[in-house]
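J.: Provided below are the primary sequence and the corresponding predicted coordinates.
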Amino acid sequence: MSTVQANSVILKKLLIFTLVMFGFGFALVPFYEKICEVTGLNNLLQADTLTENTQVDTTRWVTVELDANTRGLPWKFRPLQSNVRIHPGELVQVMYEVTNTSNREINGQAIPSYSPQLLAKHLKKLECFCFSKQVLKPNETRQMPVQFMIEPTLPADFNTVTISYTFFELGSD
């Protein structure tokens, strides 16, 4: 086999490999969305489900405890109320406050966690500071809303749940 033929074979293999990898990149998007939906890790895609007609279950109450933490950040972060009592299906807004106590601009991202863990399947967020990176200037204080609903499908034996957010520092890029 001549050098020209060998180069032609390698070029064809590389083109096929490039096309397969390009297709694989597109296939990852729905795959990732499905994993997030099943595990409840990131319910950014569920905001449009709040527009559906959801019935409020006025026969029971759920106490939602609110928690706030930071890891490695010189920030003060807290909910403005420690808990809220709601009916399943009711749209609720709570506020958190964060203060950058340093003398430098810092980028942070909040990661939510839930207790019990199955709450992630029944919690729908319309608005949350955790959806995007937060940039705080030196000594800046900001109030940030979280608007959510707990679906009436939450098992009736859960009358107290916890929503916790932990802020982590991000690089400046």
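T.: Here it is on my side, so go on.

J.: C-alpha only now, for contacts and for neighbours.
T.: Fine.

J.: Give the burial count for Met144, as a bare number.
T.: By the criterion of other C-alpha atoms under 10 Å, Met144 has 16 neighbours.

J.: Over to the one 5 residues further on?
T.: Here the number of neighbours of Met149 (other C-alpha under 10 Å) works out to 21.

J.: So which residues make contact with stretch 66-83?
T.: Stretch 66-83 is contacted by residues 63-65, 84, 94-102, 162-169 when judged by C-alpha atoms under 8 Å, 6 or more residues apart in numbering.

J.: Identify those among those residues that sit within strands.
T.: 63-65, 84, 94-100, 162-169 (DSSP state E).

J.: Quickly note the distance from Phe26 to Leu14.
T.: 19 Å (C-alpha to C-alpha, to the nearest Å).

J.: typo on my end, Met149
T.: Per C-alpha to C-alpha, Met149 is found 50 Å from Leu14.

J.: Buried subset of the contacts of stretch 66-83 as a PyMOL selection?
T.: Entered in PyMOL, the line below selects the buried ones among the contacts of stretch 66-83, by 16 or more other C-alpha atoms under 10 Å:
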select buried, resi 63+64+65+94+95+96+98+99+100+101+162+163+164+165+166+167+168+169
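
J.: ok now the lowest-mean-pLDDT helix or strand in the chain, how far from the chain's centre?
T.: Every helix and strand in the chain was compared by mean pLDDT, DSSP states H and E; the lowest is helix 3-39, with a mean of 82. Distance of helix 3-39 from its chain centroid, counting by C-alpha atoms, centre = their mean, to the nearest Å, is 29 Å.

J.: by contact count, what packs against that helix?
T.: Contacting helix 3-39 under the criterion 3 or more C-alpha pairs under 8 Å, 6 or more residues apart in numbering; DSSP states H and E is no other helix or strand.

J.: Go again with 10 Å.
T.: helix 119-122 (3 or more C-alpha pairs under 10 Å, 6 or more residues apart in numbering; DSSP states H and E).

J.: give the contact list for Thr101.
T.: Contacts for Thr101 were tallied using C-alpha atoms under 10 Å, 6 or more residues apart in numbering; they are 73-76, 136-141.
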